[in-house]
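> below is the sequence, then the predicted model.
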Amino acid sequence: MQRKAYVPGVAALLAALLATLAGCTGGSGDGGTMDSANPGDPGTASPAAQPGRYRTLPEPCGAVGQSTLDSLLPGIRQITDEDQREKAYAGEATLTYDTDRKVGCRWKVESTDATDHLLIDFERVVSYDNSVSDDSQAQQLFAKMEEAADLPEAASAGAPSDVVTGDPSTGGTGSGDSSSVGPTPTDSASASASPSAPSTSASASSSPSSSPTEIQPRLLDGLGDAAFLDDALNNSGSTVQQRTVTVAFRTSNVIVTIEYAEQPAALGVVPDSEEMQDKAQKLAARLAEVLAG
């Protein structure tokens, strides 16, 4: 009798459990339908930012040709030992832990006139934020470099070096074309009254006291997506001075930095700013061509 009473009780219990499970399954199915709609909602999905143009970097020590090194480092041609000269041309790779992200090369050559240093650096910027592209990340980093360079406020990309500053009261436009700016009455009177006026003006324009804007630290046009040049003269002692010219530019997600420094051997000699800047800019243009392939 006890066995007969036990079996119906188990059956009733199993029936109750099955009914409960069926109800739970139906409820979760309804809720699941609502939840599954969110991941597939095109309105809430964020497209991933585009990767940068460059995935690799050039070999830095091989990026500078021998003729360019001859110009930047004149002491190389004064090395008589062939093995040492070849070693000087080869340069020395800078320390790096990931050649796909950052590479560089440096040269140091002494001559009878000066000691020259050259450093080039390539950095490939990669954004680890899916909402920020590699190019945008590189642009932000380059902007910080430009800010750290502390360029003069007057520095502006594309500003001509022969700008004529007009007087607002006389309608001067500041155009670089001197033919479009006529002399003021005062200028005409001075020129006619004094025969020596033209020579005085000429000597003033060639005077070292004039500010040569073309060799001041500044932004550069026509080099990558953005570029700037810095020029610093540092005292390495009481009389010896070392000039360092830095040219940096960004192309897509790659930032290139060139540091070209010269320290004269003779006391009191100051390295020529215009010549060093010209050499550094030519090298930068060449490296831009290497990146372009």
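Thanks, I have it.

> number of residues surrounding residue 64?
22 (other CB atoms under 10 Å). Any C-beta I mention is one placed from the backbone N, CA and C, and that applies to glycine too.

> same check on residue 257?
With other CB under 10 Å as criterion, residue 257 counts 17.

> tell me which element it is part of?
With elements taken from DSSP states H and E, the one containing residue 257 is strand 254-264.

> partners of that strand in the sheet?
strand 114-124 (antiparallel), strand 241-251 (antiparallel) (DSSP bridges).

> beyond the helix or strand bottoming out on mean pLDDT in the chain, next helix or strand please.
Using mean pLDDT, DSSP states H and E, helix 197-205 stands out as the lowest-scoring helix or strand of the chain, at a mean of 36. Per DSSP H and E, helix 197-205 leads on to strand 218-219 as the next helix or strand towards the C-terminus.

> elements contacting that following strand?
strand 226-235 (3 or more CB pairs under 8 Å, 6 or more residues apart in numbering; DSSP states H and E).

> tell me the buried residues in the strand it packs on?
Neighbour counts over strand 226-235 (16 or more other CB atoms under 10 Å) mark 226, 227, 228, 229, 230, 231 as buried.

> ok, stretch 70-84 next?
72, 73, 74, 75, 76, 79.

> now stretch 283-290
283, 284, 287, 288, 290.

> from residue 117, how far off is the last one?
So that's residue 290. 21 Å (CB to CB, to the nearest Å).

> and the fourth one, by the same measure?
Spatial separation of residue 288 from residue 117 under the definition CB to CB is 22 Å.

> same question for the first one.
According to CB to CB, residue 283 and residue 117 sit 13 Å apart.

> which residues do the two both contact?
Residues touching both residue 283 and residue 117 (CB atoms under 8 Å, 6 or more residues apart in numbering) are residue 260.

> about what we covered before: ok, of the buried residues of stretch 283-290, which one's closest to residue 262?
Taking CB to CB as the measure, residue 262 lies nearest residue 283 of these, at 13.9 Å.
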